[in-house]
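Student: Here you go, sequence then predicted model.
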Amino acid sequence: MAQKQPKQQTKKEYRSMAEFKKHFFPNAYQKELAEERSRDPETFGTGLVEDLMEGVRRGLRKRNSGTR
């Protein structure tokens, strides 16, 4: 019987502190975002755009992964 090869893990890259916090501390990250949005109208608008863009990215990933 052939031996199984160990799985190779892909290394996750975090390009910002926000990505790191979002991955490892999702509840604290969401709470922090909510607090920021409530304080500053400009931050609120920026947060809405970031949420929208994240949704678009997820949709594109799903769409592209289904075609391969």
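Tutor: Noted; the coordinates are in hand.

Student: Now find how far off-centre the strand or helix carrying G45 is within its chain.
Tutor: Assigned by DSSP states H and E, G45 falls within helix 41-67. Centroid displacement of helix 41-67 relative to its chain, using Cα atoms, centre = their mean, to the nearest Å, is 9 Å.

Student: tell me which strands and helices that helix is in contact with?
Tutor: On a contact count with 3 or more Cβ pairs under 8 Å, 6 or more residues apart in numbering; DSSP states H and E, helix 41-67 meets helix 26-39. Heads up, the C-betas are built off the backbone N, CA and C, glycines and all.

Student: average pLDDT for the helix it packs on?
Tutor: For helix 26-39, mean pLDDT is 85.

Student: got it, and stretch 14-21?
Tutor: 88.

Student: List the buried residues of that stretch.
Tutor: By 16 or more other Cβ atoms under 10 Å, the buried positions in stretch 14-21 come out as K21.

Student: Just the residues contacting it, thanks.
Tutor: Under the contact criterion Cβ atoms under 8 Å, 6 or more residues apart in numbering, stretch 14-21 has outside partners H23, A28, Y29, E32.
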